[in-house]
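Engineer: coords below, sequence missing:
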DNA sequence: ACCTGAACACCGTTCAAGT
DNA sequence: ACCTGAACACCGTTCAAGT
């Protein structure tokens, strides 16, 4: 009954992530991944449900690298730490990163990241629906900024300017978190 | 010397946008666009510089549909109008919209949109570098939110929740614009 | 159970040729 | 000047067959 597997889901994702980092998203093809693993293209289909599942797997890889924030840090240092960590991931994997804004954040890995941020926000005094809403806006702003940086949307500006942009973004977010909304309904 | 052209850049972009709206970005192929125009694939290359130029052209199409804001509106109504207009474009062209965060905003059309927003912000009292920075963060937040909505990143939530999210986002942005940064350097 | 071979419809792009 | 025909390397995916 059967021989040992020469590849697996993990090895496939490793190879795909390397290809993405080297050649961009267009370089991530089933054929290229298989070639890198010294296997025929069709062998991948036993371990991965197709190209779309492969891309979802890459997004999951990035998510598991996200910084986990501890609640109850002094001031709003957790915000800086989290946003900076996310920005670093974008720099490390510029081709894959924008997919975070493109694919639904409903996988277990994504939910774990969201829950952690919501917990910190509740710890900081927000109501549960308020914390969940703030998490959505927070993550959108930070992901959007990091993605813009990495796709070259701001390519006319040098690093110093973008660093100041980032600092200003954090100031905006702290302002918002310090000023609670008037009413609260719906989750 | 030559016969009249049966197609042109405009017709190609029309066809491509229709395909994107109907079948998603994956449906936008040189072959499919040509088929829709009753022309061979190779005919496109005389009018369009390849697939990448085609996608850039689609982004340009969306940008020219962006709302142009008048300065000196009472309150910050221009912000609501602009953000709502952008949100509507996202709904109308959900497949193409995320490309706005993915492709550099350096084309003439993109620059025009940016300049208009910067002008309004200066009119509201920001310094020039401050207005330019605010424009970058503003557009990132609004584009990021609209893109998230349209790619299904928030698909667990129904429309009412997302509408409240949007209102809260606008509140955040107004707060930020009402509170000028401490120092100003670099553009 | 795992991988390969053969095959298919489709993709982006080039070049020479027709009108 | 504009479009077509023929062609190429590559893509995602399926299915039957080998070990």
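Structural biologist: Structure's in. What do you need? If you're wondering where the values come from, they're calculated on a predicted model, not measured in any experiment.
Engineer: show me the shaky parts of chain A.
Structural biologist: For chain A, applying pLDDT under 70 flags the ranges A:1-2, A:183-187.
Engineer: how about the residues of it by chain B?
Structural biologist: Chain A comes close to chain B at residues A:98, A:101-106, A:133, A:136-137, A:140-141, A:143-145, A:147-148, A:151-157, A:160-161, A:164-165, A:168-169, A:171-173, A:175-176, A:179, A:181, A:185-187, as judged by CB under 8 Å from any CB of the partner chain. Just so you know, the C-beta spots here come from the backbone N, C-alpha and C atoms, and that holds for glycine as well.
Engineer: again, 6 Å this time
Structural biologist: Contacts of chain A with chain B, taken as CB under 6 Å from any CB of the partner chain, map to A:98, A:101-102, A:104-105, A:133, A:136-137, A:140-141, A:144-145, A:147-148, A:151-153, A:155, A:160-161, A:164-165, A:168-169, A:172, A:175-176, A:179, A:181, A:186.
Engineer: now the buried members of those.
Structural biologist: A:98, A:101-102, A:105, A:133, A:136-137, A:140-141, A:144-145, A:147-148, A:151, A:153, A:161, A:164-165, A:168-169, A:172, A:176, A:181 (16 or more other CB atoms under 10 Å in any protein chain shown).
Engineer: in chain A, which residue sits closest to chain B?
Structural biologist: Chain B sits closest to residue A:144 of chain A, with a gap of 2.7 Å, by CB to the nearest CB.
Engineer: give me the element that residue is part of.
Structural biologist: helix A:128-151 (DSSP states H and E).
Engineer: for that helix, name the packing helices and strands.
Structural biologist: If contacts are counted by 3 or more CB pairs under 6 Å, 6 or more residues apart in numbering or on different chains; DSSP states H and E, helix A:128-151 sits against helix A:77-92, helix A:108-123, helix B:128-151, helix B:159-178.
Engineer: which residue ranges make up the domains of chain A?
Structural biologist: A:9-48, A:67-184 (automatic domain parsing).
Engineer: roughly how far is the last one from the heart of the chain?
Structural biologist: It refers to domain A:67-184. The chain centroid and the centroid of domain A:67-184 are separated by 10 Å under CA atoms, centre = their mean, to the nearest Å.
Engineer: same question for the first one.
Structural biologist: Between the mean C-alpha point of domain A:9-48 and the mean C-alpha point of its chain there is a distance of 20 Å (CA atoms, centre = their mean).
Engineer: show me which residues of chain A sit near DNA strand D.
Structural biologist: A:3, A:28-32, A:41-42, A:45, A:50-52 (CB under 7 Å from any atom of the strand).
Engineer: residues from chain A in reach of DNA strand C?
Structural biologist: A:1-7, A:39-43, A:46-47.
Engineer: just the ones in helices from those, please.
Structural biologist: Among the residues of chain A next to DNA strand C, none falls in helices (DSSP state H).
Engineer: just flag the most distant two among the residues you listed.
Structural biologist: The span of the residues of chain A next to DNA strand C, defined through CB to CB, is set by A:1 and A:41 at 25.4 Å.
Engineer: who wins on neighbours among the residues of chain A next to DNA strand C?
Structural biologist: residue A:7 (19 neighbours; other CB atoms under 10 Å in any protein chain shown).
Engineer: I'd assumed residue A:38 was in contact with that residue.
Structural biologist: No: contact criterion CB atoms under 6 Å: residue A:7 and residue A:38 do not qualify, at 8.9 Å.
Engineer: now the helices and strands packed on helix A:128-151 as JSON lines including distance to residue B:71?
Structural biologist: Output for the helices and strands packed on helix A:128-151, formatted as JSON lines (distance: least, CB to CB, whole Å):
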{"stretch": "helix A:77-92", "distance to residue B:71": "32"}
{"stretch": "helix A:108-123", "distance to residue B:71": "36"}
{"stretch": "helix B:128-151", "distance to residue B:71": "11"}
{"stretch": "helix B:159-178", "distance to residue B:71": "14"}
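Engineer: and the ones you listed, which is most packed in?
Structural biologist: Ranked by mean neighbour count under mean count of other CB atoms under 10 Å in any protein chain shown, the helices and strands packed on helix A:128-151 are led by helix B:128-151, which reaches a mean of 23.
Engineer: what lies in contact with that one?
Structural biologist: Helix B:128-151 is touched from outside by A:101-102, A:140-141, A:144-145, A:148, A:165, A:168-169, B:83, B:86-87, B:90, B:94, B:97-98, B:100-101, B:114, B:117-118, B:121-122, B:154, B:162, B:169, B:184, B:187, with contacts defined as CB atoms under 6 Å, 6 or more residues apart in numbering or on different chains.
Engineer: ok and it relative to helix B:159-178, angle-wise?
Structural biologist: 170 degrees (axes from the mean of the first three to the mean of the last three CA atoms, to 10 degrees).
Engineer: next, the angle from helix B:128-151 to helix B:108-123.
Structural biologist: 120 degrees.
Engineer: how much space separates residue A:166 from residue A:157?
Structural biologist: 12 Å (CB to CB, to the nearest Å).
Engineer: again, but for residue A:13
Structural biologist: 33 Å.
Engineer: again with residue A:16
Structural biologist: Residue A:16 is 31 Å from residue A:157, by CB to CB.
Engineer: do residue A:128 as well
Structural biologist: With CB to CB as the criterion, residue A:128 and residue A:157 are 39 Å apart.
Engineer: touching, residue A:99 and residue A:59? I think so.
Structural biologist: Yes: using CB under 6 Å, residue A:99 is in contact with residue A:59, at 5.1 Å.
Engineer: looking at residue A:16 and residue A:157, which one has more neighbours?
Structural biologist: Neighbour count, other CB under 10 Å: between residue A:16 and residue A:157, residue A:16 has more, with 27 against 17.
Engineer: and the more buried one, which of the three is it?
Structural biologist: helix (DSSP: H, G, I helix; E, B strand; the rest coil).
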